[in-house]
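Novice: Build me a structure from this.
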Amino acid sequence: MAALAAVLSLQAPVRLCAQQFVAITGGRVLPVSGPPIENGTVLIRDGMIVAVGANVVIPEGAQRIDARGKTVTPGLIDANTQIGLVEISLGSATQELGVQGPVAASFNVAEGINPASVLIPINRVEGITSALVVPSGPFLAGQSVFVDLAGETIDQMIVRSPVAMHVTLDETSKEAGSGARAGTLARLRRILGDARAYASRRTDFERRQMRELEASQADLEALQPVLAGRMPLVVTAHRVFDIRNALRLAREFSLRIVLAGATEGWEIADEIARAGVPVLVEPIANIPSFNQLGARYENAARLAAAGVKIAIVTGGYGDGMAHNVRLIKQEAGTAVSYSLPYESALLAVTLAPAEIFGMSDRYGSLQPGRVANVVVWSGDPFEFSTGVEHVFIRGREIPLTSRQTELLERYRTLPPHW
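Specialist: Numbering: from 1, shown residues only. This next block holds a predicted model:
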């Protein structure tokens with residue numbers, strides 16, 4: 001316990017409060033929602049952006065941040081993380097990823113998020129300001145939440161809860177269907193059908209005048225926003241036939257779905273585009289396996305070229321979705337090197353995920369009325385040599401310190417006997 005307390009004490013607490021005007025001046029501003037602004041200014045007050053442009057009048061007494069020669073962007077958003085749910089990948093006692101059982105639609109990750117996680121500052125000092133925190137499970141995993149990476153309590157961090165329902169339809173979910181993909185898909189159909197029947201016969205259900213249903217009452221209730229189209233269903237699928245099954249299911253039940261992974265999506269990019277289904281894509285997923293034989297680096301570029309709305313995300317498990325969310329910059333840069341236009345890559349880590357999950361009226365761009373999540377970079381955000389110089393979350397400047405920076409300073413000068 002003493003060791004854990006020592007680790008947690010290395011974090012600088014972030015207090016959210018009102019403040020005076022802050023003006024970030026002279027930088028190359030990339031609003032995302034519009035063209036670049038040279039020698040631009042971003043004006044912030046009380047946690048919100050109040051003006052963006054080349055000729056912004058700066059109020060007297062405003063705090064000024066000199067961004068000359070720098071790049072200014074919205075804070076980056078990763079829509080596929082487990083930040084706050086995992087501390088040590090190999091330590092189950094430090095994980096709050098999900099509940100046992102294949103069907104857990106009513107499970108919400110919110111109250112398992114640890115605001116004191118040392119992984120939060122490690123990622124936010126690299127320009128990640130917001131994230132979708134998602135559950136993990138073998139099939140119908142549950143509900144995700146959208147958070148800002150600042151705050152001393154869960155309530156301070158959470159922006160919206162729940163945001164989406166998550167299900168897996170690939171090789172890893174076969175056990176939920178008695179060992180076959182077709183069985184898994186059939187089970188999901190029965191669950192959705194039962195949820196629809198339950199909604200129209202709640203009284204009969206309470207009186208036990210219905211047959212036994214495929215899910216608990218809590219799970220059936222949790223699925224109602226999905227069936228009504230108010231909540232997206234995020235479907236993890238990689239092979240072409242898994243993706244087509246997801247698209248078919250969406251048509252059958254009039255679902256609003258988002259594909260996660262879609263490693264072979266480039267093969268049927270036109271079909272995905274025609275269906276109007278966005279994709280959470282991992283650009284560096286290029287190692288073929290039986291679950292994703294057609295993996296290739298050009299996936300993001302080909303999907304975007306076909307007209308698919310994409311959001312770039314980090315992936316994997318544990319390290320990928322909690323420890324190394326900060327690598328989303330390299331994911332985006334890799335996508336650019338494999339033909340994704342630069343503007344599309346920046347969109348895919350800012351405004352696109354906000355649009356996909358209904359947050360674009362507040363997040364993802366530098367516009368008046370948006371939450372002041374802003375990053376000042378020493379250069380191009382997607383270049384390895386670029387560093388973060390300032391991070392603002394809800395208008396509050398975040399100290400660029402983390403467990404890693406504290407340890408660096410502690411051991412920068414070693415005692416002579418070492």
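Novice: nearest residue to residue 56 other than its sequence neighbours?
Specialist: Spatial nearest neighbour of residue 56, excluding adjacent residues (Cβ to Cβ, 6 or more residues apart in numbering): residue 41 at 4.0 Å. C-beta coordinates here come from the backbone N, C-alpha and C atoms, glycine included.
Novice: residues near that neighbour, how many?
Specialist: As a burial measure, residue 41 scores 23 neighbours (other Cβ atoms under 10 Å).
Novice: residues in contact with it?
Specialist: If a contact means Cβ atoms under 8 Å, 6 or more residues apart in numbering, then residue 41 has 23-26, 29, 51-54, 56, 58 as its contacts.
Novice: Name every strand pairing with the helix or strand where it lies and say which way it goes.
Specialist: Assigned by DSSP states H and E, residue 41 falls within strand 37-45. Its sheet considered, strand 37-45 pairs with strand 22-29 (antiparallel), strand 48-53 (antiparallel) by DSSP bridges.
Novice: Just say which of those strands is most tucked in.
Specialist: strand 22-29 (a mean of 22; mean count of other Cβ atoms under 10 Å).
Novice: Spatially nearest residue to residue 134, not counting backbone neighbours?
Specialist: According to Cβ to Cβ, 6+ apart, the nearest residue to residue 134 is residue 144 (4.2 Å).
Novice: average pLDDT for the host helix or strand of that neighbour?
Specialist: Using DSSP H and E, residue 144 falls within strand 140-148. In this model, strand 140-148 has an average pLDDT of 98.
Novice: who touches the helix or strand just after it?
Specialist: Next helix or strand after strand 140-148 toward the C-terminus (DSSP H and E): helix 154-157. By Cβ under 8 Å, 6+ apart, the residues outside helix 154-157 that reach it are 16, 84, 110-111, 113, 115, 147-151.
Novice: State the pair within those that is farthest apart.
Specialist: The span of the contacts of helix 154-157, defined through Cβ to Cβ, is set by 16 and 111 at 19.6 Å.
Novice: How much space separates residue 85 from residue 218?
Specialist: To residue 218, residue 85 is 21 Å away according to Cβ to Cβ, to the nearest Å.
Novice: More neighbours: which of those two?
Specialist: Each of residue 85 and residue 218 has its neighbours counted (other Cβ under 10 Å); residue 85 has more, 24 against 12.
Novice: follow-up on the earlier one: the more surrounded of residue 16 and residue 111?
Specialist: Per other Cβ under 10 Å, whichever of residue 16 and residue 111 has more neighbours is residue 16, with 17 against 10.
Novice: Please read off the pLDDT at the more buried one from the model.
Specialist: In this model, residue 16 is scored at 39, pLDDT.
Novice: Strands along the stretch 101-250 of the chain, start to end?
Specialist: 128-133, 140-148, 158-168, 233-237 (DSSP state E, counting those that start in this stretch).
Novice: what's the nearest residue to residue 88 if we skip its chain neighbours?
Specialist: Residue 88 sits nearest to residue 94 (Cβ to Cβ, 6+ apart), 4.5 Å away.
Novice: ignore the last one, residue 302
Specialist: Residue 302's closest residue in space is residue 266 (Cβ to Cβ, 6+ apart), at 3.8 Å.
Novice: so that neighbour sits right up against residue 305, yeah?
Specialist: No - using Cβ atoms under 8 Å, residue 266 is not in contact with residue 305, being 9.3 Å away.
Novice: what about the spatially most central residue of the chain, which SS state?
Specialist: In the chain, the residue lying closest to the centroid (Cα atoms, centre = their mean) is residue 79, at 1.7 Å. State at residue 79, reduced to three classes by DSSP: H, G, I helix; E, B strand; the rest coil: strand.
Novice: Report how many residues lie close to residue 211.
Specialist: For residue 211, the neighbour count with other Cβ under 10 Å is 7.
Novice: thinking again about what came up before, now that we're looking at the residue nearest to residue 56, what pLDDT does it have?
Specialist: pLDDT for residue 41: 98.
Novice: Tell me the bridge partners for it.
Specialist: residue 25, residue 53.
Novice: Residue 122: which of the strands paired with strand 37-45 is closest?
Specialist: Residue 122 sits nearest to strand 22-29 of all these, at 23.7 Å, using Cβ to Cβ.
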